[in-house]
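**Student:** can you look at this prediction? I've put the sequence above it.
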Amino acid sequence: MTAAENVCYTLINVSSESEPPSEVTLKADLEKGEIKAKTEALKKVIIMILNGEKLPGLLMTIIRFVLPLQDHTIKKLLLIFWEIVPKTTPDGKLLQEMILVCDAYRKDLQHPNEFIRGSTLRFLCKLKESELLEPLMPAIRACLEHRHSYVRRNAVLAIYTIYRNFEQLIPDAPELIHDFLVNEKDASCKRNAFMMLIHADQDRALDYLSTCIDQVHTFGDILQLVIVELIYKVCHANPSERARFIRCIYNLLQSSSPAVKYEAAGTLVTLSSAPTAVKAAAQCYIDLIIKESDNNVKLIVLDRLIELKEHPTHERVLQDLVMDILRVLSTPDLEVRKKTLQLALDLVSSRNVEELVIVLKKEVIKTNNVTEHEDTDKYRQLLVRTLHSCSVRFPDMAANVIPVLMEFLSDTNEAAAADVLEFVREAIQRFDSLRPLIIEKMLEVFHAIKTVKIYRGALWILGEYCSTKDDIQSVMTEVRRSLGEIPIVENEIKRDSGEVKADDEVSAAPAQKLVTEMGTYVTQSALSSNRPSKKEEDRPPLRGFLMDGDFYVAASLATTLTKVALRYVGIVQDKKKQNSFVAESMLIMVTVLHLGKSSLPKKPITDDDVDRISLCLKVLSECSPLMNDIFNKECRRSLSHMLTVRLEEEKLSQKKESEKRSVTVQADDPISFMQLTAKNEMTSKEDHFQLSLLAAMGNTQRKEANDPLASKLNKVTQLTGFSDPVYAEAYVHVNQYDIVLDVLVVNQTNDTLQNCTLELATLGDLKLVEKPSPLTLAPHDFANIKANVKVASTENGIIFGNIVYDVSGAASDRNCVVLSDIHIDIMDYIQPASCTDAEFRQMWAEFEWENKVTVNTNITDLNEYLQHILKSTNMKCLTPEKALSGFCGFMAANLYARSIFGEDALANVSIEKPIHLGPDAPVNGHIRIRAKSQGMALSLGDKINLSQKKSNV
């Protein structure tokens with residue numbers, strides 16, 4: 001066995017600062033030093049042997065001067081030393097000195113101190129030399145009857161490993177352990193003994209379980225976990241045994257240990273798909289989520305619930321448990337709440353939607369009453385979006401939800417208010433019956449809106465959907481109230497000069513209409529006068545926005561006034577009233593224009609806003625039927641079209657999801673034989689205990705290409721040439737947070753290569769975990785060297801290095817072969833993800849690193865180029881397919897992806913087809929990439945540059 005393949009049980013942290021001591025110094029310390037000096041010397045010897053030093057001269061010194069000592073620390077260190085020291089000669093025979101060591105082990109196994117006995121038994125589990133173990137067997141058997149449980153449980157483990165490796169040394173081990181198990185009282189000893197029987201003699205384990213199956217719920221949790229594993233393995237191998245043990249699993253769902261409940265629920269679902277079993281398991285998962293305080297545990301168990309939901313037959317059972325699932329919302333963690341709401345939304349049906357909405361409304365109101373926490377706003381947003389989705393899927397619920405949500409339009413958190421506004425806009429367009437209610441609530445909260453973006457949206461909704469005379473007049477009242485005294489410029493100048501005192505300022509009471517029967521606005525005694533303190537001399541909201549220089553809201557106001565004025569003209573027949581209302585609207589626009597051109601606002605009005613307000617003035621002055629159609633019909637038609645497209649997209653994605661989940665077997669489908677299936681097709685047939693162990697070790701099988709071998713070969717990198725004395729190639733296996741390099745090294749010479757070492761270094765955010773051990777290669781021999789590299793972030797990394805070796809018998813210096821660089825592909829860490837348009841825009845504004853890549857390709861079709869970029873960068877296109885369909889000579893699309901480290905990557909593709917250069921002209925344009933970290937932006941740009949051109953394979 002090569003040094004690289006030696007099994008290492010004990011990991012020791014080595015400080016690289018101190019110089020290694022000489023063998024002579026160590027020998028002196030071990031022979032003549034005090035206990036403390038001998039302890040330190042022994043530690044140094046262990047570290048040097050772990051680093052590859054041989055130190056054969058010290059073996060006899062340690063046997064003579066250190067082995068007889070009774071100090072517990074020395075004895076513990078000696079066990080580590082005997083574990084790692086070479087015990088055989090180069091030709092594989094046992095060293096003579098080891099007979100003395102074996103006698104010392106035997107004495108330790110009979111030592112009166114239970115710690116020394118137990119730790120020696122643990123050490124014997126690591127021995128791989130049967131000649132050393134044979135003389136110790138009677139002492140090991142005797143330890144099974146020791147008074148202390150620590151000794152007994154380690155004796156069981158020692159017997160198990162010896163039986164597994166050298167069955168001839170203790171052929172009656174299963175029988176011995178079965179008898180031991182029947183009489184044993186200690187939980188940890190019983191657990192070890194039962195675990196041995198599971199792996200060594202399953203029939204005996206089943207016999208024991210059958211005798212005590214009714215007492216299982218009284219056992220300790222460590223033994224219960226092993227029993228669950230046994231039942232799973234037995235039923236997995238022999239399904240006819242399920243009926244015998246399923247009652248036991250049901251009982252274990254009531255265990256006091258969360259770990260046992262979790263494993264029992266998972267096992268129950270794999271053993272039975274009956275609705276009662278699924279319901280019991282799901283109920284158990286929900287209890288675990290609520291009772292466990294650790295958020296990671298909550299998230300893991302939630303994932304198991306989501307997995308249950310993916311099964312079509314289980315989904316209906318889970319629908320009855322939606323209200324129980326919502327109890328998880330009591331957890332303050334946002335990620336847990338997010339997953340819970342998504343799960344509840346996926347399971348909601350017409351039977352339970354009403355109860356769901358009631359709970360969500362209570363949660364929304366609760367967020368308003370709690371003291372502000374950083375996640376409260378985000379949670380409120382999640383609730384609003386969930387209620388939005390419920391109302392779209394179940395229109396009957398909208399009337400209950402809207403009044404509660406509209407209170408949040410006046411929220412200081414713009415994101416939550418924006419979500420409410422989007423929901424209200426969709427509801428008012430879809431549900432005609434709710435329009436009066438929404439308009440009424442909107443007018444109630446309009447004056448309390450605090451953010452300009454929400455104000456603009458609310459103005460648009462009022463302008464678009466107010467269709468009765470009273471509603472239109474109410475909108476005008478609210479606008480006047482929000483704008484304050486006009487003309488604005490004169491009023492502001494008077495205020496600054498002190499002519500208008502705060503005491504004299506008068507504002508309209510919210511409930512009163514200030515429009516006479518003639519349609520004119522008057523000031524009369526019905527106005528209520530406010531007397532704010534001097535500190536609180538606040539401007540009305542709309543005037544405040546304008547004085548801050550935000551004239552985009554003025555353009556929105558002009559459009560709204562134009563719409564309502566044109567509608568008012570259509571409804572009211574009286575010419576005088578028509579002219580009065582239109583004049584009022586025009587006066588407001590003109591006074592805003594005047595304010596924008598004056599020096600009073602913090603920022604002057606932009607030309608775009610001037611053009612928009614001027615256009616509205618012109619439309620109102622002419623009142624042409626064409627403009628009436630554009631303002632009052634086309635806007636709504638565009639919104640309706642957008643909502644229809646979005647609904648179709650949602651339905652399409654839901655259809656794809658349901659198609660994925662539905663399991664249909666056709667009459668002429670091929671039969672799959674387990675022995676012939678690729679590993680990734682064996683999901684339901686594989687032992688999930690084995691799968692979880694593989695996942696923990698990082699050996700999970702990814703979904704490879706159709707031919708698994710071909711895709712593995714794609715990841716092999718040649719490191720040296722075929723004519724080099726040492727040929728090397730590496731298979732790069734990327735796990736989630738680390739990379740394993742499996743390097744094949746071939747000696748192509750007729751000489752023996754000694755101390756053949758693979759030396760690696762890294763560039764980028766990579767870190768070499770350990771230094772590979774040196775090898776000795778016979779002529780034309782080969783060996784595999786494994787090296788682990790830790791990955792910390794998503795950016796392109798390079799691994800480079802060389803192989804150095806000595807030629808036996810040669811007097812020259814060390815030889816060196818330089819290796820080719822291994823480039824770590826960023827694509828292994830990037831996964832497609834989706835986000836809303838608002839989130840994309842927010843991230844686009846926040847991320848500071850931008851990389852602009854010029855399109856340089858031989859692809860001539862816009863759509864083909866976009867698909868090529870998506871395939872080569874693992875990104876997802878957020879722009880809907882309908883928006884990209886057809887041909888118009890140019891294309892713009894937003895792409896999004898997230899790395900496994902939680903980093904976001906955004907890209908905007910702006911490309912065009914230069915038609916004037918002919919049909920074969922390649923696509924040109926730019927791709928802008930934005931990311932939080934520089935490495936991500938640059939690496940993604942490099943990847944796009946490398947893969948832009950389509951290879952003609």
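**Tutor:** Ah, there it is.

**Student:** which residue is the nearest non-sequential neighbour of residue 167?
**Tutor:** For residue 167, ignoring the flanking residues on the chain, the nearest one in space by Cβ to Cβ, 6 or more residues apart in numbering is residue 173 at 7.9 Å. Quick note: C-beta positions are derived from backbone N, CA and C, even for glycine.

**Student:** that neighbour reaches residue 160, doesn't it?
**Tutor:** Yes: with contact defined as Cβ atoms under 8 Å, residue 173 counts as touching residue 160 (7.4 Å).

**Student:** anything in contact with each of those two?
**Tutor:** Here residue 173 and residue 160 have 196, 200 as joint contacts, going by Cβ atoms under 8 Å, 6 or more residues apart in numbering.

**Student:** which residues touch residue 355?
**Tutor:** 322-323.

**Student:** how far away is it from residue 790?
**Tutor:** Going from residue 355 to residue 790 by Cβ to Cβ, to the nearest Å gives 49 Å.

**Student:** re earlier: and the residue nearest to residue 167, how close does it get to residue 110?
**Tutor:** From residue 173 over to residue 110 (counting by Cβ to Cβ), the distance is 21 Å.

**Student:** and the two? which has more neighbours close in?
**Tutor:** It is residue 173, of residue 173 and residue 110, that has more neighbours when counted by other Cβ atoms under 10 Å, with 21 against 12.

**Student:** so the more buried one versus residue 180, what's the distance?
**Tutor:** For residue 173, the distance to residue 180 - Cβ to Cβ - is 10 Å.

**Student:** which neighbours do those two share?
**Tutor:** In contact with both residue 173 and residue 180: no residue, using Cβ under 8 Å, 6+ apart.

**Student:** buried ones in stretch 587-605?
**Tutor:** Neighbour counts using 16 or more other Cβ atoms under 10 Å place 588-589, 591-596, 600-601, 604-605 of stretch 587-605 among the buried residues.

**Student:** what's the most distant pair in those residues?
**Tutor:** Largest separation among the buried residues of stretch 587-605 by Cβ to Cβ: 588 and 604, giving 19.0 Å.

**Student:** outside of whichever strand or helix holds residue 60, which residues touch it?
**Tutor:** Using DSSP states H and E, residue 60 falls within helix 58-65. With Cβ under 8 Å, 6+ apart as the test, helix 58-65 has contacts from 23, 26-27, 30-31, 38, 42, 45, 78, 81, 85, 95, 97, 100-101.

**Student:** restricted to buried residues, select the residues you listed in PyMOL.
**Tutor:** With 16+ other Cβ under 10 Å as the criterion, this PyMOL line picks the buried residues out of the contacts of helix 58-65:
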select buried, resi 23+26+27+30+38+42+45+78+81+85+95+101
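
**Student:** farthest-apart pair in the contacts of helix 58-65, please.
**Tutor:** 38 and 95 (22.1 Å).

**Student:** could you export the host helix or strand of residue 455 as CSV, CA atoms only?
**Tutor:** Using DSSP H and E, residue 455 sits within helix 452-465. Output in CSV follows, covering the C-alpha atoms of helix 452-465 (Å, rounded to 0.1, in the frame of the first residue of the first chain):
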residue,chain,number,x,y,z
VAL,A,452,-43.5,59.4,-4.1
LYS,A,453,-43.4,56.1,-6.1
ILE,A,454,-46.6,54.8,-4.3
TYR,A,455,-48.2,58.3,-4.8
ARG,A,456,-47.6,58.0,-8.6
GLY,A,457,-49.1,54.5,-8.7
ALA,A,458,-52.1,55.6,-6.7
LEU,A,459,-52.7,58.6,-9.0
TRP,A,460,-52.6,56.3,-12.0
ILE,A,461,-55.1,53.9,-10.6
LEU,A,462,-57.5,56.7,-9.6
GLY,A,463,-57.1,58.4,-13.0
GLU,A,464,-57.7,55.2,-14.9
TYR,A,465,-60.7,53.7,-13.0
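
**Student:** quick check: mean pLDDT of the helix or strand just after that helix?
**Tutor:** With elements assigned by DSSP H and E, the helix or strand that comes after helix 452-465 is helix 469-483. Averaged across helix 469-483, pLDDT comes to 82.

**Student:** and if you look at stretch 731-747?
**Tutor:** Stretch 731-747 comes out at a mean pLDDT of 83.

**Student:** could you do stretch 397-414 as well?
**Tutor:** On average, stretch 397-414 scores 75.

**Student:** what does stretch 900-915 give?
**Tutor:** Mean predicted confidence for stretch 900-915 is 86.

**Student:** now it: buried residues?
**Tutor:** 903-909, 911, 913.

**Student:** adding distance to residue 365 and secondary structure, write the residues you listed out as TSV.
**Tutor:** What follows is these, written out as TSV (distance: Cβ to Cβ, whole Å; DSSP: H, G, I helix; E, B strand; the rest coil):
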residue	distance to residue 365	secondary structure
903	36	coil
904	33	strand
905	38	strand
906	35	strand
907	40	strand
908	40	strand
909	43	strand
911	48	strand
913	54	coil
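
**Student:** kind regards, and thank you for your time.
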